[in-house]
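>>> here are the coordinates; sequence isn't available:
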């Protein structure tokens, strides 16, 4: 069952707004301002770049590259930053003082609305008006905010309650600090063990084996040194020295 068209009962205009009664109801024409025109131009550029990016992704999936996509994202991000700075400009009129009110709510399609919204909304009916012209938070979000505000102690809160809250905060801070100290100690131990594990070795097992074999069995020595002894001046040549187990 479709609801009949319901005209708005009242209109509140902002400073400089013009309200005129015509055959189709009351029309609000906001004042022409260069700042608003600049915002509209910036928004149009952002929309055009987003559309170009989506078209690039949809029409050229085989030739996509991260550098090209990141470049387009950087352009869009810079334009959004510029738009935010423009909206914070003091010379821009306060748009919050302008009130937008639907003068005719109808379930029938409206070509003008569809053209203005670029096809996103075809009718101004009872379902989409509360969402598009909402001036308050969603009821669920608003309830969460109220519950959070109720937790904040009021100025007339009893002193005992405030003391209990302070003690709870102090105990929680102690627990958190203890956990942080434990984490830091564990991290320091881990870092020290890792540093010790990364130290370069001071000896080579293979070299140790070769050295023991050379001392005990004379391996890897030249045959001349093994049979004739070292040829140094002042030392006797050959096996002239005493031998173990030989008769004297």
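Cool, got the structure. All values derive from a computational prediction rather than experimental measurement. Numbering: from 1, shown residues only.
>>> how about low-confidence regions in the protein?
Along the chain, segments meeting pLDDT under 70 span 1-33, 93-94, 96, 153-157, 199, 222-248.
>>> Determine which residue lies closest to the centroid of it.
residue 77 (14.4 Å; CA atoms, centre = their mean).
>>> Return the set of buried residues in the helix or strand hosting it.
Using DSSP states H and E, the element containing residue 77 is helix 66-87. Using 16 or more other CB atoms under 10 Å as the test for burial, helix 66-87 gives 72, 76, 79, 83. To be clear about C-beta, it is placed using only N, CA and C from the backbone, and glycine gets the same treatment.
>>> Off-centre distance for the strand or helix carrying residue 163?
Using DSSP H and E, residue 163 sits within helix 159-197. Relative to its chain's centre, helix 159-197 lies at 26 Å (CA atoms, centre = their mean, to the nearest Å).
>>> re the thing from before, state the distance from the residue nearest to the centre of the chain to residue 117.
Using CB to CB, to the nearest Å, residue 77 is found at 25 Å from residue 117.
>>> Do a quick rundown of the helices in this structure.
34-59, 66-87, 111-116, 129-132, 139-150, 159-197, 205-217, 223-228 (DSSP state H).
>>> and the nearest residue to residue 38 once chain neighbours are set aside, what does it touch?
Excluding the flanking residues, the one nearest residue 38 by CB to CB, 6 or more residues apart in numbering is residue 86, at 6.2 Å. By CB atoms under 8 Å, 6 or more residues apart in numbering, the contact list for residue 86 reads 35, 38-39, 42, 92.
>>> Filter those residues down to the buried ones.
The buried subset of those - by 16+ other CB under 10 Å - is 39, 42.
>>> Switch the contacts of residue 86 over to a markdown table; also include distance to residue 122.
Shown next, in a markdown table, are the contacts of residue 86 (distance: CB to CB, whole Å):
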| residue | distance to residue 122 |
| --- | --- |
| 35 | 31 |
| 38 | 29 |
| 39 | 25 |
| 42 | 27 |
| 92 | 31 |
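>>> Taking the contacts of residue 86, tell me the two that lie furthest apart.
Greatest spatial distance among the contacts of residue 86 (CB to CB): 42 and 92, at 11.7 Å.
>>> Return the distance of the residue nearest to the centre of the chain relative to residue 197.
In terms of CB to CB, residue 77 sits 44 Å off from residue 197.
>>> And residue 65, by the same measure?
With CB to CB as the criterion, residue 65 and residue 197 are 42 Å apart.
>>> what does residue 211 give?
From residue 211 to residue 197 the distance is 26 Å (CB to CB).
>>> And these two? Which one has more around it.
Neighbour count, other CB atoms under 10 Å: between residue 211 and residue 197, residue 211 has more, with 12 against 7.
>>> Report how many residues lie close to residue 124.
There are 23 residues near residue 124, going by other CB under 10 Å.
>>> Sweet, I'm off.
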